[in-house]
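Asks: any chance you can model this:
(4 chains)
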Number of protein chains: 4
Amino acid sequence: MVVVTEARATEKQIENIIKVLHEHGFDVHRSTGVQHTVLGAIGVQPEFDHRQIELLPGVAEVVRITEPYKLASHAFKRNGSVFDVGGVKIGGDQVVIMAGPCAVENDTQIYTIAEKVSKAGARVLRGGAFKPRTSPYSFQGLGEEGLKLLRSAADSFQLKVITEVMDKSLISLVEKYTDILQVGARNMQNFTFLKELGKSSKPVMLKRGMAATIEEWLMSAEYILSGGNEQVILCERGIRTFETATRNTMDIGAIPVIKKKSHLPIIADPSHAIGIRDKVIPMARAAVAAGADGIIVEVHHDPDHAKSDGAQSLFPDQFTQLMREVRIIAEAIGRSLA
Amino acid sequence: MVVVTEARATEKQIENIIKVLHEHGFDVHRSTGVQHTVLGAIGVQPEFDHRQIELLPGVAEVVRITEPYKLASHAFKRNGSVFDVGGVKIGGDQVVIMAGPCAVENDTQIYTIAEKVSKAGARVLRGGAFKPRTSPYSFQGLGEEGLKLLRSAADSFQLKVITEVMDKSLISLVEKYTDILQVGARNMQNFTFLKELGKSSKPVMLKRGMAATIEEWLMSAEYILSGGNEQVILCERGIRTFETATRNTMDIGAIPVIKKKSHLPIIADPSHAIGIRDKVIPMARAAVAAGADGIIVEVHHDPDHAKSDGAQSLFPDQFTQLMREVRIIAEAIGRSLA
Amino acid sequence: MVVVTEARATEKQIENIIKVLHEHGFDVHRSTGVQHTVLGAIGVQPEFDHRQIELLPGVAEVVRITEPYKLASHAFKRNGSVFDVGGVKIGGDQVVIMAGPCAVENDTQIYTIAEKVSKAGARVLRGGAFKPRTSPYSFQGLGEEGLKLLRSAADSFQLKVITEVMDKSLISLVEKYTDILQVGARNMQNFTFLKELGKSSKPVMLKRGMAATIEEWLMSAEYILSGGNEQVILCERGIRTFETATRNTMDIGAIPVIKKKSHLPIIADPSHAIGIRDKVIPMARAAVAAGADGIIVEVHHDPDHAKSDGAQSLFPDQFTQLMREVRIIAEAIGRSLA
Amino acid sequence: MVVVTEARATEKQIENIIKVLHEHGFDVHRSTGVQHTVLGAIGVQPEFDHRQIELLPGVAEVVRITEPYKLASHAFKRNGSVFDVGGVKIGGDQVVIMAGPCAVENDTQIYTIAEKVSKAGARVLRGGAFKPRTSPYSFQGLGEEGLKLLRSAADSFQLKVITEVMDKSLISLVEKYTDILQVGARNMQNFTFLKELGKSSKPVMLKRGMAATIEEWLMSAEYILSGGNEQVILCERGIRTFETATRNTMDIGAIPVIKKKSHLPIIADPSHAIGIRDKVIPMARAAVAAGADGIIVEVHHDPDHAKSDGAQSLFPDQFTQLMREVRIIAEAIGRSLA
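Replies: Reported below is the predicted structural model:
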């Protein structure tokens, strides 16, 4: 922590600030400048609330200098993490493609889509069985029956499974059927839940909250990592801004930022970020061009009759075309599709 | 839903749009203008995703026209709701003051603060027993022991109790000790949890999510109301914006907006919105001046040694002064303190 | 500037950082901690771009510690500034009320409104003669004829005049008729223009840009102050956020923040912030309760036929009622209406 | 405009709404639903303020349905516009690369950089001669001398010139030396200025304001187009959001949105959007992958000693590598570098 004093701070005030810092266990280094005195407070006090210093007389500004996350930081692990999900590598030089419908609706639907995305080159099948819906009056998913269909369709076409787990009480059920546990944006700061996920042996894909800073996102990853689960995958899915022309604003810039700050892989979800089919393809390409370790895309063979999110689902032919383009883009930057 | 066609839409495209709307069960009224044709699609289809129409050829824009919430709307209940919490009225002409520490720390602390806020005119005692913390390394609360202390301190000074319930699994425990269940901003869209709260017989104070629009907030209230619990109190606690000089931007404008759109009472939480003691007081006054039905404020007798949020807690003397000011402000606009 | 090194920074890297800082003329104080080394770089280098240090190998974070504004800061002038505008005091213990139509339309209109707001207690008459409009197809104001009407109506009812100047080329014209020059939100960072305003002898009311941080706003004030014009009044008029239920989000929290950081008076403009008549009144009261030095409000005797912004203009009776309420609120916090 | 009545609106209220719409010159089509009545108000009234209807008793919502811009819309011109700037095509199938320093500093600097970016494949040289700076104490550019150097360096290496014009009074001077006039983000809604640019014969590159919606941006383009200048190029350069890890949040999603709504070419400026060198490259690639018609990038042969924005300038070698990558990406999506 660095404390900057006001230009008109008295010596007595400065001494009091130092005294309070000492009481809290910090070592203090003092630099006296022409206008301001700067106090470097050295020491690790994870619970310390720096606003307590901000309120002392004579203080102009307090700056927290150490990132509050450790296990998620690049400093902790110099090379990018690579997780092996039943033979599919997440992270490293490869770009992994996850695809499938928003929700599992019935066996014909999920088998049809699984076959098509597998042929086009996807390695992981997505699909929701429990749907969190803004309205209490909307379709809420097939539940365990949906999980069974998803697993079976994935197995038939050599795909791995990713699906959302919405609540602590559902973890053990969902774990039975999935290869990767997906945590939705609205649960990104559900800390009770994150702690439980820290005990799971399955990789967790943690979506960024709509209003979460990159630092808060990494702090949430830290909750899972500190519980003992080392396999955390981040997923950028758009943030909320003043622009309403798209559902969210996809923060493509978060991809290179995460690459610098953390060793964890990062996936992009253009379907939820942009929210409408005709713009999913350019955003998926952009994410790969920016260095994402993969993309997760909604695909439906009959989006007009999808029970949810049909409007943001690609037709299978569009998905095949997208795969062709992202393959070239990945290679242009020294990577290859998983 | 209103569908506006593109200026260059063909008659064939327009007919197709009408056909699709009919298939989805809408009645369609067509208005042909010079530049655009406007289609009014009449009918209640709560699950309908309007983006399906947005993607049809010839469509320029689709506008959803009915608010998706019903029970929370002013149309549903013409007069403002008033809830009686053991003799304390929430809503109506009175302005209720809730105060107390961020977290319950021990019996001396909570009794001392309870006595002081009660004397100054507060009617409800706040205090957390389970603390959701951004960092897995911070103080997490006293648990059930904290709830017991809170209840007992409140009873000793004729106060009601409000405390946060963080998770579905804790509802029955927290209900035993509290008068009002508080739902934190991060749980505002935890729909599984909201459904359970709909079954509770206790009033629920629902904090606005940091990135939630007013409409989404009312939709979350709808989840609780539609479960059968009619006692929902809204709480504005700041939204996330680009401004970093304050912890959040307190959306005082949400107060008159809610008053127009809904019959539910609205409380303001300046402590969490602004995040630093010296600005809590002006914001609390502003909320009452804007028409809030109450305020919830953090107060601590020894904030320098508070285990959490000391920097945003008022000293008891400041709270007493604040009470004097808000009493006059309430009266200036035809209300009185509860 | 404070430079924090990476946990894994080598001694060689740290020495290089120090060398670069020295080259740029900084004194460097080094504090070596367990995890990080902290370098305090002391010296005033207004043109220095701290990102140059951020890019050096071994650097984790660079924190700029001195506020970039000087003349606008509280440190520069310990007491709040008070400007005397022809006998009307802006700043200090008084709360000044400015009111009038969005645009001057004709003599009957401006005389009618001037009389009504003067009787109710306003001290300054507002009204636009040159209107910046988002659409090139909208009403653009009466020009100099409007300025003449405004001046004459104000004089007839013992009011001072405030009106917007939109462009550098119009300053000398507008100065002839007005007492206070208003700078619109969209011009807040038009630096060429601000420099010219620094040469004016008239007070300038500088509206906050819709996306401007408080620090940027004070930097823009600094442009005017550094040109020699000491009479800068700030005006909060709402910022752009994700919430669309109101036109802008009025940042009431900016009022106490400015009061702490600067000696300049701050006025609030609820009409433009909230954008619709029925919510202007609660927001005006809130601004006064939060400590604003005044409010500027749109009033029209016939808003249904106003040429612009009728929907956010108060009826004269509403304005009179508002005056009654803010008078009590001002007194509740130890102030009085000017 | 579509007017939706409240569920409890009376027949008398509805008739009054229709009467007011008629008075304002609208044709009204009425659709009576079970819960709401919907009124389609047909007619072009560019100056009409829809909030006047919003305030009428019985009105639940008013929706403006026609986009307020015309000349900028896709409906106005079915194919994308292509501008020929001295042989360099902007728009169409080609992707144009603009590069150069933030500011022109001296002849050696601008000649060195011009040569390097020309060799690597850039077609347009950028460089500022008049710099808008947030601080009144920073380097403000070389003025006309800078323009001369820029023109001469560009001519020597077969490059076209783009440079910012900051103020109405400078248009005729800057036009003498440049091929494209650049309008900065802060001037995007300086309407007096935009009108003047409408009279210029040079193409104008209009940067998006930091808080401007896509619709407002197109409205600003409309100001220029309606003045008679048909050559408007849009430039996405990041918007302001709550995320502070990058200088701005680059709204890559704006690229496909503009492509759908408008016929105007769109360029991306990753240097200003992301603000730090090591992240400019991935963002530049992302913009091309998303379909941008070009990129404008800051390049400096000695960024450590650049007078401004060195930290976001690429080294020439990095720029050459970027060119190689974007060439492949452009081809992957059926385009080629200009």
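Asks: which parts of the longest helix along chain A are buried?
Replies: The residue-count maximum for a helix in chain A (DSSP state H) belongs to helix A:316-332. Across helix A:316-332, burial judged by 16 or more other CB atoms under 10 Å in any protein chain shown covers A:316, A:318, A:319, A:320, A:322, A:323, A:325, A:326, A:327, A:329, A:330, A:332. Yep, even glycine has a C-beta here, placed from its N, CA and C like the rest.
Asks: pLDDT on that helix, on average?
Replies: Averaged across helix A:316-332, the pLDDT comes to 96.
Asks: ok, stretch A:221-235 next?
Replies: The average pLDDT within stretch A:221-235 is 95.
Asks: domain parsing for chain A?
Replies: Chain A is divided into the following domains under automatic domain parsing: A:2-63, A:83-337.
Asks: hang on, the earlier thing: got a list of contacts for the longest helix of chain A?
Replies: By CB atoms under 8 Å, 6 or more residues apart in numbering or on different chains, the surrounding residues in contact with helix A:316-332 are A:95, A:97, A:99, A:113, A:116-117, A:119-122, A:277, A:281, A:284-285, A:288-289, A:295, A:297, A:299, A:301, A:314, A:336-337, D:285, D:289, D:325, D:328-329, D:331-333.
Asks: is it possible to mark the buried ones in those residues?
Replies: Of these, these count as buried by 16+ other CB under 10 Å: A:95, A:97, A:99, A:113, A:116-117, A:120-122, A:277, A:281, A:284-285, A:288-289, A:295, A:297, A:299, A:301, A:314, A:337, D:285, D:289, D:325, D:329, D:332-333.
Asks: these in strands, which ones?
Replies: Residues of the buried ones among the contacts of helix A:316-332 located in strands (DSSP state E): A:95, A:97, A:99, A:295, A:297, A:337.
Asks: quick check, the last one in contact with residue A:93.
Replies: No: counting by CB atoms under 8 Å, no contact exists between residue A:337 and residue A:93, whose distance comes to 10.4 Å.
Asks: from residue B:108, how far off is residue A:24?
Replies: 22 Å (CB to CB, to the nearest Å).
Asks: oops, could you answer that again for residue A:197 instead?
Replies: Residue A:197 sits 37 Å away from residue B:108, going by CB to CB.
Asks: and the two? Which one has more around it.
Replies: Using other CB atoms under 10 Å in any protein chain shown as the criterion, residue A:197 and residue B:108 rank with residue A:197 on top: 22 against 12.
Asks: pull the contacting residues for the more buried one.
Replies: Contacts of residue A:197 (CB under 8 Å, 6+ apart): A:171, A:181, A:183, A:204, A:224, A:227, A:229.
Asks: which of the residues you listed has the largest number of neighbours?
Replies: Result: residue A:224 is most packed of those (other CB under 10 Å), 28 neighbours.
Asks: what is the burial count for the closest residue to residue A:231 other than its chain neighbours?
Replies: Counting by CB to CB, 6 or more residues apart in numbering or on different chains, residue A:203 is the residue found nearest to residue A:231 once chain neighbours are left out, at 3.6 Å. Neighbourhood size, residue A:203 [other CB under 10 Å]: 23.
Asks: and for residue A:174?
Replies: 22.
Asks: how close does it get to residue A:150?
Replies: The spacing between residue A:174 and residue A:150, counted by CB to CB, is 10 Å.
Asks: residues shared between the contacts of the two?
Replies: The contact sets of residue A:174 and residue A:150 overlap at A:129, A:163 (CB under 8 Å, 6+ apart).
Asks: circling back to that earlier point, tell me the angle the longest helix of chain A makes with strand A:294-298.
Replies: Interaxial angle of helix A:316-332 relative to strand A:294-298 (axes from the mean of the first three to the mean of the last three CA atoms, to 10 degrees): 170 degrees.
Asks: now the angle from helix A:316-332 to strand A:94-100?
Replies: Angle of helix A:316-332 versus strand A:94-100, following the same axes, to 10 degrees, is 170 degrees.
Asks: how far does helix A:316-332 sit from the chain's center?
Replies: Mean-position distance between helix A:316-332 and its chain equals 23 Å (CA atoms, centre = their mean, to the nearest Å).
Asks: do stretch A:100-108 as well
Replies: Stretch A:100-108 has its average C-alpha position 24 Å from the chain's average C-alpha position, going by CA atoms, centre = their mean.
Asks: pLDDT of that stretch, averaged?
Replies: 95.
Asks: and for stretch A:8-15?
Replies: Here the average pLDDT along stretch A:8-15 is 90.
Asks: pLDDT value on the closest residue to residue A:301 other than its chain neighbours, please?
Replies: Closest residue to residue A:301 apart from its sequence neighbours, by CB to CB, 6+ apart: residue A:112 at 4.9 Å. pLDDT, residue A:112: 97.
Asks: and residue A:136, by the same measure?
Replies: Taking residue A:136 on its own, its pLDDT is 66.
Asks: swap in residue A:35?
Replies: Value for residue A:35, per-residue pLDDT: 69.
Asks: the helices in chain A, which residues?
Replies: Along chain A, the segments classed as helices by DSSP H run A:11-23, A:51-54, A:107-120, A:144-156, A:171-175, A:191-197, A:214-226, A:254-261, A:270-274, A:277-289, A:316-332.
Asks: would you list these in JSON lines and tack on distance to residue C:15?
Replies: Formatted as JSON lines, these follow (distance: least, CB to CB, whole Å):
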{"stretch": "helix A:11-23", "distance to residue C:15": "28"}
{"stretch": "helix A:51-54", "distance to residue C:15": "30"}
{"stretch": "helix A:107-120", "distance to residue C:15": "54"}
{"stretch": "helix A:144-156", "distance to residue C:15": "55"}
{"stretch": "helix A:171-175", "distance to residue C:15": "50"}
{"stretch": "helix A:191-197", "distance to residue C:15": "41"}
{"stretch": "helix A:214-226", "distance to residue C:15": "29"}
{"stretch": "helix A:254-261", "distance to residue C:15": "23"}
{"stretch": "helix A:270-274", "distance to residue C:15": "44"}
{"stretch": "helix A:277-289", "distance to residue C:15": "38"}
{"stretch": "helix A:316-332", "distance to residue C:15": "39"}
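Asks: the closest residue to chain B within the stretch 151-300 of chain A: how many residues sit nearby?
Replies: Nearest residue of the stretch 151-300 of chain A to chain B: residue A:211, at 3.0 Å (CB to the nearest CB). Neighbours of residue A:211 under the rule other CB under 10 Å: 25.
Asks: shouldn't it be in contact with residue C:243?
Replies: No: if you go by CB under 8 Å, residue A:211 and residue C:243 don't touch, sitting 11.9 Å apart.
Asks: can you pull the contacts of residue A:129?
Replies: Contacts of residue A:129 by CB under 8 Å, 6+ apart are A:103-104, A:141-147, A:150, A:163-164, A:174.
Asks: export those residues to a markdown table and tack on distance to chain C?
Replies: Below are the contacts of residue A:129 laid out as a markdown table (distance: CB to the nearest CB, whole Å):
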| residue | distance to chain C |
| --- | --- |
| A:103 | 27 |
| A:104 | 31 |
| A:141 | 28 |
| A:142 | 33 |
| A:143 | 33 |
| A:144 | 36 |
| A:145 | 37 |
| A:146 | 32 |
| A:147 | 34 |
| A:150 | 33 |
| A:163 | 29 |
| A:164 | 24 |
| A:174 | 31 |
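Asks: show me where pLDDT drops low in the stretch 1-150 of chain A?
Replies: Applying pLDDT under 70 to the stretch 1-150 of chain A picks out residues A:33-35, A:44-47, A:65-67, A:133-139.
Asks: for residue A:205, see how far away residue A:165 is.
Replies: 10 Å.
Asks: which residues does residue A:40 bridge with?
Replies: Listed by DSSP bridges, the beta-bridge partners for residue A:40 are residue A:2, residue A:29.
Asks: same question but for residue A:164, I mixed them up
Replies: Bridge pairing for residue A:164 - DSSP bridges - gives residue A:182.
Asks: what about it, how many residues nearby?
Replies: Neighbour tally, residue A:164, other CB under 10 Å: 22.
Asks: with adjacent residues omitted, what lies nearest to residue A:188?
Replies: The shortest distance from residue A:188 to any non-neighbouring residue, by CB to CB, 6+ apart, is to residue A:209 (3.8 Å).
Asks: noted, bye for now.
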